[in-house]
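Quick one: sequence and predicted model below, then my questions.
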Amino acid sequence: MKFKFLVALLLAIVLVGCSEEQDEIIVISTPYGDMTAVLFDETPLHKENFLKLAKSGMYDSVLFHRVINEFMIQTGNLATGKLESGVKYTLPAEFMAEKYIHEKGALAAARTGDASNPEKKSSGSQFYIVHGEKFDNEGLAARADRRQYLKLSGLFQRMLRSERFPDLTEKYNYHVNKFREDSTYNFNQAQRDLIFNSIEVIEEAFGPQADPGYPDWAKEVYATIGGAPHLDGQYTVFGKVVEGLEVIDQIAGTATNQRDRPLEDIRMDVKVVSMSKSEITKKYGITYPK
């Protein structure tokens, strides 16, 4: 009787262990070491797509082709690896700025600019890992201003392509011609002033565009860990480096050319590792949605 009880107990323990929910984490190997990252369940399209590419080996030997210190390291252009060309498809945006922000180590999808991509769709393969810098409240206010400008600029460019706003086009062309006549003319500042002075017209066409700022918890993260806060809500954050943050520092610090490409090739290999969600939570502090 006692033997049967022990067998039943052992079987129950085994069944509980086998039924524990699993997840798949990724390990990005580089000449500077490995980075381990968790992909978020709340961005299922990006997670599924990334795992598909990683499992098929398409990310192996791909370059980090764009590196900007204190900003980000970008990779995922499959044409720089084993393939002759990159992917042609895009993914719908999956923004979750209320929970996942551009803190140091965040994995986010690259994309084309707002003017040609108003829905902010993600590249089917290219992504970046945030390096960033630390910001106090004053610095975050400047980043919020930058974020709003980038958003307004994309909308403004869409308006210029339309024939419905001839006054804006005329004002814009005035500054373009001034710059052509005088190369010392501060066109960037003139364009910025024109865009912010056109907020009423922009909001009439696209609705309210005031920047929401940053919640207190995000301010704490950006003050202590750092990141790239002006990208929040504009690019899909779909994962996070949980081990190997120092590898980001080393790649971000490499010498680059004028196009931000490293002077020496930095390639990666990506593998997928299965691990129980409870272990991931215990080891890395990642919480899963219920």
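Perfect, I can see it now. Numbers count the residues shown, from 1 in each chain.

Can you mark which positions in stretch 49-68 are buried?
For stretch 49-68, the neighbour count (16 or more other CB atoms under 10 Å) marks 49-51, 53-54, 58-60, 62-67 as buried. Using the backbone N, CA and C atoms, a C-beta is placed for each residue, glycine as well.

Would you mind giving those residues as TSV with secondary structure added?
Listed next are the buried residues of stretch 49-68 as TSV, based on DSSP: H, G, I helix; E, B strand; the rest coil:
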residue	secondary structure
N49	helix
F50	helix
L51	helix
L53	helix
A54	helix
M58	coil
Y59	coil
D60	coil
V62	strand
L63	strand
F64	strand
H65	strand
R66	strand
V67	strand
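
Strands of the stretch 151-290 of the chain, start to end?
Counting by DSSP state E, counting those that start in this stretch, one finds strands in the stretch 151-290 of the chain at the ranges 237-243, 267-276.

from the buried residues of stretch 49-68, which is closest to S29?
Checking the buried residues of stretch 49-68 against S29 with CB to CB, the nearest one is D60 at 9.2 Å.

was I right about that closest one contacting T80?
No. At 11.4 Å, D60 and T80 do not qualify as touching, with contact defined as CB atoms under 8 Å.

pull the longest helix from this structure.
Assignment by DSSP state H gives helix 137-161 as the longest helix of the chain.

The closest residue to M159 other than its chain neighbours: how many residues sit nearby?
Distance criterion CB to CB, 6 or more residues apart in numbering; nearest residue to M159, sequence neighbours excluded, is F165 at 4.7 Å. For F165, the neighbour count with other CB atoms under 10 Å is 19.

Quick check: phi and psi on the most centrally placed residue in the chain?
Among the residues of the chain, the one closest to the centroid is A108, at 2.2 Å (CA atoms, centre = their mean). A108 adopts backbone torsions of phi -140, psi 150, taken as degrees, to the nearest 10.
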